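Colleague: Model the structure of this input:
(2 chains)
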2 protein chains.
Amino acid sequence: MKKYSELTKDELKNLKSELEKECEELKKLNLNLDMSRGKPCKEQLDLSMDLLSVLDKNSNLICEDGMDCRNYGGLTGIKEARELLATFMENKVENIIIYGNSSLNVMYTMIMQAYVFGVMGHTPWKDQGKIKFLCPVPGYDRHFAICEEFGIEMINVPMSESGPDMDMVEKLVSSDEKIKGIWCVPKYSNPDGYVYSDETVRKFARLKPKAADFRIFWDNAYTIHYLYDEKEKHDHIIEILGECEKVGNPDIVYKFASTSKICFPGSGLAVLATSDNNIRDIMSHLKYQTIGYDKVNQLRHVAYFKDLQGVKDHMKKHAQILRPKFEMVLDTFEKEFSGVDLISWTKPRGGYFISFYGMKGTAKDIVDRCKSLGVKLTDAGSSYPYHKDPDDSNIRIAPTYPSVSDLKTALKAFTVCAKLSTVEKLLAS
Amino acid sequence: MKKYSELTKDELKNLKSELEKECEELKKLNLNLDMSRGKPCKEQLDLSMDLLSVLDKNSNLICEDGMDCRNYGGLTGIKEARELLATFMENKVENIIIYGNSSLNVMYTMIMQAYVFGVMGHTPWKDQGKIKFLCPVPGYDRHFAICEEFGIEMINVPMSESGPDMDMVEKLVSSDEKIKGIWCVPKYSNPDGYVYSDETVRKFARLKPKAADFRIFWDNAYTIHYLYDEKEKHDHIIEILGECEKVGNPDIVYKFASTSKICFPGSGLAVLATSDNNIRDIMSHLKYQTIGYDKVNQLRHVAYFKDLQGVKDHMKKHAQILRPKFEMVLDTFEKEFSGVDLISWTKPRGGYFISFYGMKGTAKDIVDRCKSLGVKLTDAGSSYPYHKDPDDSNIRIAPTYPSVSDLKTALKAFTVCAKLSTVEKLLAS
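Modeller: Reported below is the predicted structural model:
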């Protein structure tokens, strides 16, 4: 079978009318499907229902250290929860702060504190003129949105399977004092699902930024969000705080995670791990922001999981639900795009997304076509700063939320639209 | 019996040695009591234990409008909770946003948004030079701390039983564009327990600030926190949003409240009520800060209270616990300070505090003496901007947290110390 790039104009035209017919058929189905956001599905949420019963009116709400979880106080979180999340984060308890229900909110807070008050005694970012962040692309739209909200200029850094282009990162960070941070999703990156290699992490820990108030924003959102249960082969990244400390760079990183995609996304625990110096700096501002976060919910999570093994066992159940969905996407792409040599996609073994790379200049068109068929995708360009994908190629596929049968239908629509856009692009060139 | 101010030097000296003996006796008790913060006591927390059982693993977590409380989304809060809190706030549902567990955090966020991004399109406060807030004194230390953190200059405004000195407020606000806000605890003010009169609220609604981005920070923390169950006589304040709208000043106020002192202080719902324009402005920034707050906890509170009557019934149980404590303070003061004409105190019918006014120049000394006896009070000056009570007179008495017997002992120590400080001050004058 000939590849798309080898087809003649006439062959392309014939293909186009075939695909258009398929589109017409799909339109008749009046679909209303959503593949746009990385939300857990109902079956995943149902996994955690026992969380709601683990504390009840007869429970003891007093912590080991005597603190009453129901009352005010406990700004860094209760000891039991810090201990649990320290094992989860692979960090020391004293380097852990537990926040409210949203790690995005913690990242926002870190940017806000640096912007308004400055990092560890340095001039506030707001008073340093036009500051910049490095943004490995494609990346997480909500990270970039925070930068945009604060007027922080974003610089694209290309991603590869082993992580961001570290030559570029090293060069920029060491030469430009205005560069204050970089966004990283080191494990199962959003949206590619790539895992930073040991070499990448080691280079991050050894960065020599020109700005003393430069920080790595290490969003370890999918740290144990495996799709496969491989005893010896689990993807692993070097623990960044330890590595930074080892090479004398202890304060360079803020590491974030949450239980949002472990239990209930709106009602989980967000956590920050960072150096002693950073913790002190953060607390000196956090104490004005709130009296404390929800300690009853912290105790609830401890009572539910008990220990890290409890979290891991729970994640295997998520994997059982998500694996078939991811495999359906990959199998469908493999089958439908077998002759379409101008299209590629990533094959993650964890996380929440698959990255689709269409022929240059087709992503927006594909998303629009899908929309007209009743299939909602993440907007093309969303995974890039300012919503501008320079190649107009990347589409973030979020297979978790729809049911398997809805996903099948949505993928049918998606693959037809992707092929049609490609054919039209080839005809126009 | 002679009043303190009428005593001769010799009489004062005799009194001093008597009081010193009492101090010595108290010292032997090795007390360790805390009357410093407005925290509910254990018995109050126990009132709400059913809150933990009202949702369990068999509960339906789907809202009336189809939203799954367990998943992401719902930035303004779930409809059911907004409806409940709208009745509580006496506002329309569409003017309500439900946040996380801390109304202090909501107030902080409003200052932060105004500071960084500006209010409704106006120049950000950070770019307007030295801006100012009016601070009715004595007031809530954490309000003032937020201003201090953001470098906002604070101007004291005297309080009276009917609220802040409105002549002064009107004059300052209408003449100085740098004045951007005022902190108000309109009902059972912290720490005096005063209730703003109708005239005061009407004057607030009719303020004509020189600064278009001036906002009243209306912290209605104790809106239904009555100590007495008086069917026809409950203290009442005019609803400020409605009054502002009525007089063509709809956008001038942010109104805050929370369920913190209704159920569990660390695990409640914080709420903001404000105009349509303000809501739009706030949401345009809030959407970058978080994906949403804890909706499961919102549903939990709705399931527990059902309606406003449920909240009111619950508050009567708090009153039964708190009333004897407040009355013990007032009775003890009445008895112990009967001859001490240089001392006064407030007599609140709700809220969490009683204000003690010692002879000028004695508050710090009283607090230090109590501390040396093992009785912790709120630091003298805490209720004033920059911790500076110009008269060194006010002490915030927080009777809620200690048990009745601890409170009795703490009050014994307090009254002895207060008398001793007064006597020494008189001797030195």
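
Colleague: make it CA atoms for all contacts and neighbour counts henceforth
Modeller: OK.

Colleague: what does the stretch 201-350 of chain A put close to chain B?
Modeller: The stretch 201-350 of chain A has residues A:264-267, A:285, A:288-297 near chain B, with proximity defined as Cα under 8 Å from any Cα of the partner chain.

Colleague: In helices, which of those residues appear?
Modeller: Among these, DSSP state H puts A:285, A:288-289, A:295-297 in helices.

Colleague: Going by neighbour count, which of these are buried?
Modeller: Buried subset of those (neighbour count, 16 or more other Cα atoms under 10 Å in any protein chain shown): A:288-289, A:295-297.

Colleague: Can you show me the helices along chain A?
Modeller: Counting by DSSP H, chain A has helices at residues A:9-28, A:42-46, A:79-89, A:103-116, A:141-149, A:166-175, A:198-205, A:240-246, A:276-289, A:295-305, A:308-336, A:363-372, A:404-428.

Colleague: what helices or strands is the third one leaning on?
Modeller: Packing contacts for helix A:79-89, counted by 3 or more Cα pairs under 8 Å, 6 or more residues apart in numbering or on different chains; DSSP states H and E, involve strand A:96-98, helix A:295-305, helix A:308-336.

Colleague: which one of those is the most hemmed in?
Modeller: By mean neighbour count, with neighbours taken as mean count of other Cα atoms under 10 Å in any protein chain shown, strand A:96-98 ranks first of these at a mean of 26.

Colleague: Pull the residues that contact that strand.
Modeller: Here strand A:96-98 makes contact (Cα atoms under 8 Å, 6 or more residues apart in numbering or on different chains) with A:76-77, A:81-82, A:85-86, A:269-274, A:279, A:293.

Colleague: let's see it at 10 Å
Modeller: With contact meaning Cα atoms under 10 Å, 6 or more residues apart in numbering or on different chains, strand A:96-98 is reached by A:74-79, A:81-83, A:85-86, A:89, A:106, A:255-258, A:269-276, A:279, A:282-283, A:292-295, A:298.

Colleague: So how do I select the buried members of the residues you listed in PyMOL?
Modeller: A single PyMOL command selects the buried members of the contacts of strand A:96-98 (16+ other Cα under 10 Å):
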select buried, chain A and resi 74+75+76+77+78+79+81+82+83+85+86+89+106+255+256+257+258+269+270+271+272+273+274+275+279+282+292+293+294+295+298
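
Colleague: Centre of the chain to the longest strand along chain A, how far?
Modeller: Assignment by DSSP state E gives strand A:153-160 as the longest strand of chain A. In terms of Cα atoms, centre = their mean, to the nearest Å, the centre of strand A:153-160 is found 15 Å from the chain centre.

Colleague: In TSV: the helices of chain A, plus mean pLDDT.
Modeller: Output for these, formatted as TSV (pLDDT from 0 to 100):
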stretch	mean pLDDT
helix A:9-28	97
helix A:42-46	98
helix A:79-89	97
helix A:103-116	98
helix A:141-149	98
helix A:166-175	98
helix A:198-205	98
helix A:240-246	98
helix A:276-289	98
helix A:295-305	98
helix A:308-336	97
helix A:363-372	98
helix A:404-428	97
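
Colleague: Take the ones you listed and lay them out in TSV including distance to B:Ile237.
Modeller: As requested, the helices of chain A are exported to TSV (distance: least, Cα to Cα, whole Å):
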stretch	distance to B:Ile237
helix A:9-28	59
helix A:42-46	44
helix A:79-89	42
helix A:103-116	35
helix A:141-149	38
helix A:166-175	57
helix A:198-205	58
helix A:240-246	53
helix A:276-289	28
helix A:295-305	33
helix A:308-336	50
helix A:363-372	52
helix A:404-428	54
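
Colleague: Give me the domain ranges for chain A.
Modeller: A:4-44+A:312-428, A:61-306 (automatic domain parsing).

Colleague: Now distance to A:Pro191 too, for the helices and strands packed on helix A:79-89, in a markdown table please.
Modeller: A markdown table is the format used below for the helices and strands packed on helix A:79-89 (distance: least, Cα to Cα, whole Å):
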| stretch | distance to A:Pro191 |
| --- | --- |
| strand A:96-98 | 26 |
| helix A:295-305 | 28 |
| helix A:308-336 | 13 |
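
Colleague: Report how many residues lie close to whatever residue of the stretch 301-429 of chain A ends up closest to chain B.
Modeller: At 10.4 Å from chain B, A:Tyr401 is the closest residue in the stretch 301-429 of chain A, using Cα to the nearest Cα. By the measure other Cα atoms under 10 Å in any protein chain shown, the count of residues near A:Tyr401 is 23.

Colleague: One more: A:Met120?
Modeller: For A:Met120, using other Cα under 10 Å, the count is 18.

Colleague: Any figure for the gap between the closest residue to A:Gly77 other than its chain neighbours and chain B?
Modeller: Distances taken as Cα to Cα, 6 or more residues apart in numbering or on different chains place A:Ile98 nearest to A:Gly77, at 5.0 Å, with adjacent residues excluded. Note on A:Ile98: its distance to chain B, by Cα to the nearest Cα, to the nearest Å, is 13 Å.

Colleague: ok so, going back, pipe the domains of chain A into CSV and attach distance to B:Lys312 per row.
Modeller: Output for the domains of chain A, formatted as CSV (distance: least, Cα to Cα, whole Å):
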stretch, distance to B:Lys312
domain A:4-44+A:312-428, 36
domain A:61-306, 20
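
Colleague: Point me to the residue of the stretch 101-250 of chain A nearest chain B.
Modeller: For the stretch 101-250 of chain A, Cα to the nearest Cα, closest residue to chain B: A:Asn105, 4.9 Å.

Colleague: which ones are touching that residue?
Modeller: A:99, A:111, A:146, A:270, B:286, B:288-292.

Colleague: Which one of those is nearest to B:Leu427?
Modeller: The shortest approach to B:Leu427 among those belongs to A:Tyr99, at 52.4 Å (Cα to Cα).

Colleague: re the thing from before, please find the angle between the direction vectors of the longest strand of chain A and helix A:141-149.
Modeller: For strand A:153-160 against helix A:141-149, the angle by axes from the mean of the first three to the mean of the last three Cα atoms, to 10 degrees is 160 degrees.
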